[in-house]
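*Asks:* Generate coordinates for the sequence data below:
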Amino acid sequence: MSGSYATNAAIYKLSYDPVRDIQPMGMIGDTAFVVAMNPGVPLKSIAELVAYAKAKPGALNYGSSGNGSIAHLCGELFDLLAHTRMTHVAYKGTGPALNDLLAGQIQLIFGSAPPTIPLVRANRLRAIAVTTSKRSPALPDLPTVAEGGVPGYEVVLWYGVLAVIPLAGRALLAAPQAALTAVAAAGALFAFALFAFPAIAAWGGERITLNRATLQFAPVAVLFAVVAFRAFSLRYARAATRAEPV
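*Replies:* Presented below is the predicted three-dimensional model:
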């Protein structure tokens, strides 16, 4: 699952509760979006982008992978915090948006790092910032949007494994070895819960109620089940050993 899981809670009427019905199982990784410009656009910083967007509302077109995508919401959040108004152009994927950016049909993009950074390094696009709260190791000289003059701005593209609560329990209780692995990874599981649940609440606003009991005790409940199962397995193994004929 990716960061769109959190943004979907803010946009769509879901048939499930994205916090109470789901157990975060572990983080795979996270990265930044890159604010990238067509080289023909004479804007070289976030400060210049904000000034231009304020002076000419609606004149700048930014592309995204589609309406309601997290890349789209990157631009909406930027407009909200910077008090600007840019025009969103929705595409069916990041690739078509990048193609039009390279062709000069749009002026900028909040592009996911994997397809955007190679174009920046090839000098086909000009990167002016990353969307995370800290600078990206892949582009260490590039400031964050917040550093550039939009305080409080942060968007992270994350990937993780989530499961519905019953499935999460069955997965962790499948075998003693899986239980041991889960015990070893319990800290990572809890850390991912602390990351994912607030992310859902942040995008969802008043529509999502962050159940702190769920946040605090769901990972603990899973861990308790794992430990209990492991203890039962060891006891069963000892009993079976004693019952073997000599």
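
*Asks:* so where's this structure uncertain?
*Replies:* Within the chain, the set of residues satisfying pLDDT under 70 comprises 1-12, 14, 18-19, 23-27, 162-163, 165-246.

*Asks:* Mind doing that once more with 90?
*Replies:* Filtered on pLDDT under 90, the chain yields the residue ranges 1-32, 65-74, 76-77, 114, 155-246.

*Asks:* Now the residue lying closest to residue 100 once chain neighbours are set aside: which helix or strand?
*Replies:* Once flanking residues are discounted, residue 100 sits nearest to residue 106: 5.2 Å by CB to CB, 6 or more residues apart in numbering. Just so you know, the C-beta spots here come from the backbone N, C-alpha and C atoms, and that holds for glycine as well. Counting by DSSP states H and E, residue 106 is held by no secondary-structure element, helix or strand.

*Asks:* Let me see the contact set for residue 106.
*Replies:* The contact partners of residue 106, taken as CB atoms under 8 Å, 6 or more residues apart in numbering, are 38, 61, 62, 63, 89, 97, 100.

*Asks:* okay if I get those as JSON lines plus neighbour count, distance to residue 22 and secondary structure?
*Replies:* Shown next, in JSON lines, are the contacts of residue 106 (neighbours: other CB atoms under 10 Å; distance: CB to CB, whole Å; DSSP: H, G, I helix; E, B strand; the rest coil):
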{"residue": "38", "neighbour count": "19", "distance to residue 22": "39", "secondary structure": "coil"}
{"residue": "61", "neighbour count": "16", "distance to residue 22": "36", "secondary structure": "strand"}
{"residue": "62", "neighbour count": "26", "distance to residue 22": "31", "secondary structure": "strand"}
{"residue": "63", "neighbour count": "26", "distance to residue 22": "31", "secondary structure": "strand"}
{"residue": "89", "neighbour count": "18", "distance to residue 22": "32", "secondary structure": "strand"}
{"residue": "97", "neighbour count": "27", "distance to residue 22": "30", "secondary structure": "helix"}
{"residue": "100", "neighbour count": "17", "distance to residue 22": "36", "secondary structure": "helix"}
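
*Asks:* Could you list every helix and strand that the helix or strand where residue 72 lies packs against?
*Replies:* Per DSSP H and E: residue 72 is located in helix 70-82. With contacts taken as 3 or more CB pairs under 8 Å, 6 or more residues apart in numbering; DSSP states H and E, helix 70-82 sits against helix 4-11, strand 22-37, helix 46-55, strand 61-64, strand 87-90, strand 108-112.

*Asks:* got the buried residues for it?
*Replies:* 70, 71, 72, 73, 74, 75, 77, 78, 79, 81, 82 (16 or more other CB atoms under 10 Å).
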